[in-house]
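Asker: Dropping a prediction and its sequence here:
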Amino acid sequence: MNIQELINKSEELIQWLDQQIDGLEISSEERTRLAAGCLDMALEHQKAIVLLVANKLYGSAFSLARLIFEAYVRGVWLQMCATDAEIEEYKNDKLKKNFASLIQDIENCDGFDEKVLSTAKTANWISMNSYTHSGYLQTVRRNKEETIEPNYTEEEINEVLNIANALGMLSALQVSLLAGKKELANGMLEKSKTIFDNKP
């Protein structure tokens, strides 16, 4: 599908996710609230990426790809893996574990053992960093033959939208699990299989 069609689908997905999780109640336990904060940030990044693409602000949209990935991973890790001591380290911004270790911890948990997160990191981490930190991949896409302006392919723009939507869906699914709504989470999983298959 073209960029505008994918923007439209993305906006529909965002509205649907908001409807599913709006008003869900979660535990006031610190671990859960910290995890939910990260997941909520991931959902905001999803919206921002779609909004930026819709306004042709592609560089800023691409710079958020790493941030949405990190927010999702940290949210899952805080809820499912962090020890009490690590929660304290996190609260003081002194967590000793690197990002790869967070993913490794998560993938030792049921439901994550297919290594999707580590595969995604291996495939995309260098490019995500380049886009976030104004590296070569970002700056080269500001160059046209005679002008300095955004120069991203339709395929690249579609890819960043798909990444944002996948991580938004996963974040909302995780929020539903934090709220103890397993049936809702399963419904989101089913929805994720069809949301971008061009069905009406």
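Answerer: Sure thing, it's come through.
Asker: what about the residue in the chain sticking out farthest from the centre, which helix or strand?
Answerer: Residue farthest from the centre of the chain, counting by Cα atoms, centre = their mean, is residue 146 at 34.8 Å. According to DSSP states H and E, residue 146 maps onto no helix or strand at all.
Asker: in this structure, what spans have low per-residue confidence?
Answerer: 195-200 (pLDDT under 70).
Asker: rerun at 50
Answerer: 198-200 (pLDDT under 50).
Asker: Could you pull out the helices in it for me?
Answerer: 3-21, 30-54, 58-63, 65-80, 84-91, 99-106, 116-132, 136-139, 154-178, 182-192 (DSSP state H).
Asker: Serialize these to TSV and add fields for mean neighbour count.
Answerer: Placement of C-beta: from N, CA and C, glycine included. Shown next, in TSV, are these (neighbours: other Cβ atoms under 10 Å):
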stretch	mean neighbour count
helix 3-21	16
helix 30-54	20
helix 58-63	21
helix 65-80	22
helix 84-91	13
helix 99-106	18
helix 116-132	16
helix 136-139	14
helix 154-178	21
helix 182-192	14
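Asker: and the gap between the closest residue to residue 34 other than its chain neighbours and residue 18?
Answerer: Once flanking residues are discounted, residue 34 sits nearest to residue 78: 5.0 Å by Cβ to Cβ, 6 or more residues apart in numbering. Relative to residue 18, residue 78 is positioned 22 Å away (Cβ to Cβ, to the nearest Å).
Asker: just residue 86 next, same as before
Answerer: Residue 86 is 31 Å from residue 18, by Cβ to Cβ.
Asker: Who are the contact partners of residue 137?
Answerer: 127, 130-131 (Cβ atoms under 8 Å, 6 or more residues apart in numbering).
Asker: Out of these, which is nearest to residue 48?
Answerer: residue 131 (14.1 Å; Cβ to Cβ).
Asker: count of residues packed around residue 134?
Answerer: 12 (other Cβ atoms under 10 Å).
Asker: pretty sure residue 154 is touching residue 1, no?
Answerer: No. Counting by Cβ atoms under 8 Å, residue 154 stays clear of residue 1, with 10.0 Å between them.
Asker: State the distance from the closest residue to residue 108 other than its chain neighbours to residue 93.
Answerer: The shortest distance from residue 108 to any non-neighbouring residue, by Cβ to Cβ, 6+ apart, is to residue 81 (7.8 Å). Taking Cβ to Cβ as the measure, residue 81 falls 18 Å from residue 93.
Asker: Looking at these two, which is more packed in?
Answerer: residue 81 (19 against 6).
Asker: and the more buried one, what are its phi and psi?
Answerer: When read as degrees, to the nearest 10, the backbone of residue 81 gives phi -130, psi -40.
Asker: Make sure it is actually in contact with residue 104.
Answerer: No. Counting by Cβ under 8 Å, residue 104 is not a contact partner of residue 81; they are 9.4 Å apart.
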